[in-house]
Each structure stands twice: as structure tokens, then as C-alpha cells.
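Student: Got a predicted structure plus its sequence, pasted below:
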Amino acid sequence: MSDILVVEDDASIAQFVAASLSAAGMQPRICTTARDAEREIARRAPQLVILDLGLPDEDGVSFIARLRKTLAAPVLVLSARTHEAGKIAALDAGADDYLTKPFGVGELLARVRAMLRRAKAAPQPARVLRIGDIAFDRESRELTLRGEPVHLTPIEFKLFERLARDPGKVLTHRQLLADVWGSEQVDQLHYLRIYMAHLRAKLEDNPAEPRYLATELGVGYRLADE
Amino acid sequence: MKAGPWQWLLALVAATLATLVCWWLDARMSIAGLAMVYLVAVAATAVMLDRAPGIFAALLCVSALNFFFVPPRFTFEVHSPEYVWTLAVLLGVSMLLNTMIATLKSRQARAEHAQLRSAQLHELSETLAQAAGAQDMAVCAVQWFEREVGHSTAVFLRNDSAVGDPALRCVTGNAQASAFQPSAAQWAMDHGRRMGRGCDDWPDLPLWCAPFAVRDAGGAMQFLLPPQHRSSEGEQQHWAALARQVGLAIDRERAAGAARTAQESARAEAARNTLLASLSHDLRTPLAGILGTASTLRSQSDALSPAQREQLLANIENETRDLAAMADNVLQLARLSQPHAQLRKQWESVEEVLGAAASRLRKRWPDARIQLRVTPSLPPIYAEAALLAQVVANLVDNAVRHSGDEPRIELAAGRSRGGVFIAVRDHGPGLKGVDPQALFERYQQGAQRDSGAAGLGLAICKLVIDAHDGRIEARSCEPGVEFRIDLPAQELEPAAST
């Protein structure tokens, strides 16, 4: 059974999250403060952390940054609509995915299952990444679409390769720019947009409604992993 | 005023002239007659000259009459009491004349001075009346003083706006602001009296300073005075009066400004109240549905068929989703209604914004057919992506609500003149005579077309598009309605390396 730590100070959300996780066959533990959460993690490391960004005793972003030093388990942040900037900061600080309140149980369970699945696969990523009609051989660095090789320019390749390193995970604009173009280019958002458009033109049937290279509006991109 | 040497010379000339005339008349007139000639000279000098040369002339005349004509002649001796009397009267009348004329002259000078000053006061207030705003008035006053009074001038204004600023704002003309002393202005304002050179307080300072008012002065005037400058009490009083005049004008302007601000905030307050009233009405409708449905499910669950229960639960979910969308709109309304709303704009791709919005909306409206058509490689727009997506969501929500059972929505984007357009088209019953512009004008429960939160949603659309320097309009199609957004775009240079 998956051990999941829910850190949420709002009782009714904590209850609903815990209830739906239990019903889905997982084992939730509930904390209401960052301090309790640290104690629980020290007691037994969970497989996944669901963390509300508006905790009463500590700023969620600094808490994640601190957690990341010792904890490898994925972190899903819950953010209010009023804290758009906070969720980007949380992702930059090391969170793996986010949900904006209010959310339904369907969205929650889909995220949690995908994150658990990725965490399980993480130590030994398969040599060939297959998503739909795309196959990416990590070692020979070959990308094929329906068996046909796709030719990418060096930057397009770097961008795709970065997304493929964490399939399914949200990567912020800043993270992608820093990893592909270098840390001094993190404000050149239009580079990213242009190359993302090129990639989509080569990989997607309908670039306006991408199947593989998903847009996280105002946040970043993710490579769909199923 | 100090008499010039020519006045003393004139006094001498007048006495000499009178003596020459008397010399010529000597045989034909008595001493009394000659005294009259001298009296004419005295009167003439008293009128023409200053007081001291006048008195000098009078003394010269009396002495000349005595020396040249009163026997024994060519001595200052006087033997006859009659001549003593004549000389005494001449002297007395001369002095009296001089004094009276001098008094008259000084009165006239004072009157002229007073007239000049009141004319100056009047001119100053006329000048100030042409300026608008306290700052402009201060600048205007400084220029006027430097022109009319001739000293470098500063006007200090009390700063009551921002907390972080210095207490006094200094307005200067030709001279640097650093030449003036805010501390002196503050002292004058605190004590309500003038200070500096020529005053009882701080006479060693190289400046002169007067507050706008004795109590609660809103500012002060300051002149830089050159070291040799001595100003009379009257002049200082005049300056102080001018300073008061400036103060009055600025106070009046400030009061008018405050009244305007109060009026504006009252209007904003009224608008907010209307908004809150409409909001609470719109909130009540879905809340009543949710509360009723939830309580039905709780108390009558056993009596309901599984299908009914499922339907009721779905209703709760839908109503709540509407409420959440409304909450998003209210949040943005509050943010964008602020006078200086800060948008998190970035270079965005319309294609991505529409793609993300469409996939979210298909989840929200599973029964609606939402088609997306985007022209490839549109120029980027400078926008806040989340806000733009919210606009699209509001328009689609609106379209779905007005499209009956099988909503068909077309979402399109393409190039327009000078930018990018986004269009949302439905195939519903259309506007039914509602003025397309009035849809966005205000958040109000419109007549037939509005259901739920549509009024609020369209008001947000307008606010967001305005904040992006774009345009939004609605027009009737056959069938349905098209909402079209035009946004300005810029071509960016392509990324540096490939």
C-alpha cells in the first residue's frame, strides 16, 4: 500500500483527500503544519507528499526547498488561485506537480497515480521511451514518429531530451531555459516558445492541440507520458 | 531716502537767487517786502527738495536777509525789535512750511506705496488663479516673486501624501533647491511667524522666510537675501502678505482637490456596492441549489432511485464548478479594478493559450462540441496567459449556456491587421436585440440573455482585454453570436542560435 503524507491545514480538504486516497487503496497520513510534517517524515519516509502551499507555520516554497535536501519522494503541491506565482516558485524549488484548488477527486487520483508510477520507474528508466506513436531511444539518441526518424536541430533535441528525462513531470519555463539555454537566459521566454512550436510542428498531428508536448499555461511544459 | 548733492546746491542757488532779486528790489521795498521774496524761495525749495535741504535753504534765506538787508547791513547784528520779529516770523513760517510739505509728501508717498502693493497682491492672485494644482501654483508663485521682488525664491509645501517622502516639498526657480533651508521653512511654519534677516528670529541667516499662515500653515516662502540687503518693516510686512496670498490660493486648490478625490472615491464606493449586491444575488442562486440538493440527498436518500441520486450529485458538482469560475472572475475583477493593476505579462503564444483553454473547457463541458482552429505561426502577444485563458473560458461558458442542448462552439485565432484575433462563435439563438456593446458595459443582470454569472464574466473579459490594449466586440451571426477579440502583436527577432 502506498504511504502518502497529506500536509493540509484545512480540515475539510484534508478529510476529502484522505478519504479518496483510502478508497483508492492508498494509506494517507494527515498533518496540519510543516513542523508535524517534518516529524512524520523523520519517523517514516512517505512515498508521496501532498502539500498545501498555504500552511500556517511556514512558507510552502521554503519548506519544499528544505524537504528536497533529504526526501526523494515526489511532492504534489495544492495551490489556491490567488497564489499563481507561489506554485511556480514551488515547482522551481523542487515540487513535482501541482493542483489548483478547487479540484475534483478524479484529477487528484490521476495525478497521484501517475506520480507514484513514475517514482517507481525512476531509478531505472527504460532505454526506449514510448509514448503513443513516439519512440525515443535514450542511448542512441534516436527519435521516431510512427517508425519514421524525426530530425531535430541541436537545440530542439536538447529541449526534447530535457522533457523526456522526466516524462509526465511539469517543467517550468525557468527550468527548461536554464537547462537548455543556460542559466543566464532564463528570461528569454520567447526562445522557448519558438522551439516548442518547432518541436510540435515536427511531432504533433495538430500542433494547436498537442497530444505529447502539453502546455501548462503560465507555468511551463510537460511531456505526456501515456 | 538720502538727498543728493544737487539738492543742497539747489538750496544754495534758491537762496542766492532770492538775494539777487532782493538786491534789485532793495530801493523800492521795505524789509517786510523783501522777507516775502525769501518766503517764496523757501516755499519753492520746500516743495521741490527733501526736508533737510529745504531747511538748509530756509536757514540760508533768513541769514541772507539778516546779513545783506537788515540794518546794520553786512553784519548779523539786529538792532530794531521790528526786524527781530520779521526774521523770527520768516524763520518760523519757513520751518512750518517745510514740515507740513514734508508730511504731505511722505503721506502721498505712503499712499502710492500702498497702492503699488495692493496692485502687486492683486496681480499675484491673478497669476496664481491661472495655474491649476498646488505644484503649478507654487512654480507660478516662484516665477512671479523672482520677477517682481527680485530675490531668489523658494516655495515649501507640506507633503501630506506619501509617508516616505520628506515633510516639505521645495519648489524653486532660478536658484538650486539646495541653496534654501527646509529647516528654516519648518521653523517658520511651526512658530507661525517670519524669520531670517531683518526679523527678530534668526537675523543672521542669509535668507528671509515667512509661513503661509499663523497657524497650521500648509507651506512657507523663502527668499535668499544678499549680505548687504536691509529690508524695512513695511517691506517685510508686504512680503508676508504676499506669502499669505500664495498660501490661501494653494490651500483653496488643495481643498478643491481633496473634494474631487472624495467625490471620486464615493463614486467608486457606490459602484462597488452595486457590484457586491449583484454578486451576492448571483451567489445565492447556485448556493440555494447546492444546499437544497445536499439536504435532499441526506434526508431522503433512501427514497431516491440511484439514477436520481446520480443526477443530484452531478448537479452539485456543476453548480460548485460554476461558483469556482465565478470566484476566479471576482478575484480578477478585484485585481483589475485597482487603479494601477500589475499584470504578469509575458511573450505568449495564442496557439498555446487557446489549446490549453480548449482542453480544459472540453473537460468542463463534455456534452459540448468545441472546435479549435488556429492559423499556424501567429506572432507572439504580450499578455498574461492565465487571464487570456480566463477570457476564452468565460466566452465559451457564455456560449454553452446560450446554445441549448447540443452546444456547438467554434474557437478560432488568426492574423488581423496589426495583431492577432481570437473569435468564439456559438450557434444559439443570438443576441435577440440586446445591444452588443451594452453586454460588456457594466456588470449587471441584463435582461433576457444573462443567466447566472454571464454578466460578471463578460465584464471581466472587457477589463482583461482593455488591460492588454485590445478590443472585444460581439456581433450577431446567422445563427448565433460571435465574440471577437483583437490584440496587438509584435514580431520578435528569432532566437539567437539554432
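Tutor: Cool, the structure landed.
Student: Flag the shaky bits of chain A, pLDDT-wise.
Tutor: For chain A, the stretches flagged by pLDDT under 70 are A:122-123.
Student: where do the strands sit along chain A?
Tutor: Along chain A, counting by DSSP state E, strands occupy A:3-7, A:27-31, A:48-52, A:75-79, A:97-100, A:128-131, A:134-137, A:142-145, A:148-149, A:171-172, A:213-216, A:220-223.
Student: which one of those lies closest to chain B?
Tutor: Closest to chain B of these is strand A:213-216 (CB to the nearest CB; 4.5 Å). Placement of C-beta: from N, CA and C, glycine included.
Student: Parallel or antiparallel, which strands does the closest one pair with?
Tutor: Note on strand A:213-216: by DSSP bridges, its sheet partners are strand A:220-223 (antiparallel).
Student: Please export the C-alpha coordinates of the partner strand as PDB.
Tutor: The C-alpha trace of strand A:220-223 is given here as PDB (Å, rounded to 0.1, in the frame of the first residue of the first chain):
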ATOM      1  CA  GLY A 220       5.700  25.500 -18.200                       C
ATOM      2  CA  TYR A 221       5.500  22.300 -20.300                       C
ATOM      3  CA  ARG A 222       5.300  18.600 -19.800                       C
ATOM      4  CA  LEU A 223       5.800  15.600 -22.000                       C
END
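Student: And for residue A:78, nearest residue in space, chain neighbours not counted?
Tutor: residue A:52 (4.8 Å; CB to CB, 6 or more residues apart in numbering or on different chains).
Student: contacting residues around the one you found?
Tutor: Going by CB atoms under 8 Å, 6 or more residues apart in numbering or on different chains, residue A:52 touches A:7-10, A:13, A:60, A:77-78.
Student: Look at residue A:15 and say how many residues are nearby.
Tutor: Neighbour count of residue A:15, defined by other CB atoms under 10 Å in any protein chain shown: 13.
Student: same check, this time on residue B:58
Tutor: Neighbour number of residue B:58 under other CB under 10 Å is 29.
Student: Could you pull up the contacting residues of residue B:319?
Tutor: Counting by CB under 8 Å, 6+ apart, residue B:319 makes contact with B:286, B:289-290, B:293.
Student: Show me which residues of the stretch 201-350 of chain B are close to chain A?
Tutor: Contact residues, the stretch 201-350 of chain B versus chain A (CB under 8 Å from any CB of the partner chain): B:317, B:320, B:324, B:327-328, B:331, B:344, B:346-349.
Student: And chain A, what are its domain boundaries?
Tutor: Domains of chain A are assigned by automatic domain parsing as A:3-121, A:128-223.
Student: Make CSV out of those domains and add distance to residue B:170.
Tutor: Compiled in CSV, these are given as follows (distance: least, CB to CB, whole Å):
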stretch, distance to residue B:170
domain A:3-121, 40
domain A:128-223, 40
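Student: And the ones you listed: which comes nearest residue B:403?
Tutor: Nearest to residue B:403 among these is domain A:128-223 (21.1 Å), distances taken as CB to CB.
Student: Tell me the bridge partners for the most far-flung residue of chain A relative to its centre.
Tutor: In chain A, the residue that sits farthest from the middle, by CA atoms, centre = their mean, is residue A:148; the gap is 29.1 Å. For residue A:148, the beta-bridge partners are residue A:145 (DSSP bridges).
Student: How about the residues of chain A by chain B?
Tutor: Within chain A, the positions near chain B by CB under 8 Å from any CB are A:81-82, A:84-85, A:102, A:104, A:153-155, A:188-191, A:193-197, A:201, A:207-210, A:215-218.
Student: quick one: buried residues of the helix or strand harbouring residue B:62?
Tutor: Taking DSSP states H and E as the definition, residue B:62 sits inside helix B:51-64. Buried residues in helix B:51-64, counted by 16 or more other CB atoms under 10 Å in any protein chain shown: B:51, B:53-62, B:64.
Student: How far away from the center of its chain is the lowest-mean-pLDDT helix or strand in chain B?
Tutor: In chain B, no helix or strand scores lower on mean pLDDT, DSSP states H and E than helix B:438-441, which sits at a mean of 74. With CA atoms, centre = their mean, to the nearest Å as the basis, helix B:438-441 stands 34 Å off its chain's centre.
Student: did I read that right, residue B:223 in a strand?
Tutor: Yes: applying DSSP: H, G, I helix; E, B strand; the rest coil, one finds residue B:223 inside a strand.
Student: And the pLDDT for it?
Tutor: Turning to residue B:223, the model gives it a pLDDT of 90.
Student: Spit out the contact partners of the nearest residue in space to it that is not next to it in sequence.
Tutor: Nearest residue to residue B:223, sequence neighbours excluded (CB to CB, 6+ apart): residue B:151, at 4.0 Å. Contacts for residue B:151 (CB under 8 Å, 6+ apart) come out as B:145, B:208, B:223-225.
Student: With distance to residue B:401 as new columns, can these be given to me in CSV?
Tutor: Listed next are the contacts of residue B:151 as CSV, based on distance: CB to CB, whole Å:
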residue, distance to residue B:401
B:145, 67
B:208, 74
B:223, 71
B:224, 72
B:225, 77
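Student: By neighbour count, which of the residues you listed wins?
Tutor: Counting by other CB under 10 Å, top hit in these: residue B:208 with 28 neighbours.
Student: Endpoints of stretch A:128-139, how far apart?
Tutor: In stretch A:128-139, first residue to last residue: 8 Å (CA to CA, to the nearest Å).
Student: Of all the residues in that stretch, which ones are buried?
Tutor: A:129, A:131, A:134-136.
Student: what number of residues lie near residue B:216?
Tutor: 11.
Student: before we move on, what about the one 4 residues further on?
Tutor: Neighbour count for residue B:220, taken as other CB under 10 Å: 29.
Student: does it sit in a helix, a strand or a coil?
Tutor: Applying three-state DSSP: residue B:220 is strand.
Student: Can you tell me how far the residue nearest to it when sequence neighbours are not counted is from residue B:242?
Tutor: Excluding its sequence neighbours, the residue lying closest to residue B:220 (CB to CB, 6+ apart) is residue B:185, at 4.1 Å. Distance, residue B:185 to residue B:242, by CB to CB, to the nearest Å: 16 Å.
Student: picking up where we left off before, could you flag which of the residues of chain A next to chain B are buried?
Tutor: Counted by 16+ other CB under 10 Å, the residues of chain A next to chain B give A:84, A:155, A:188-191, A:193-197, A:207-210, A:215-218 as buried.
Student: Looking at these, which are in helices?
Tutor: Among those, the members falling in helices (DSSP state H) are A:84, A:155, A:189-191, A:193-197.
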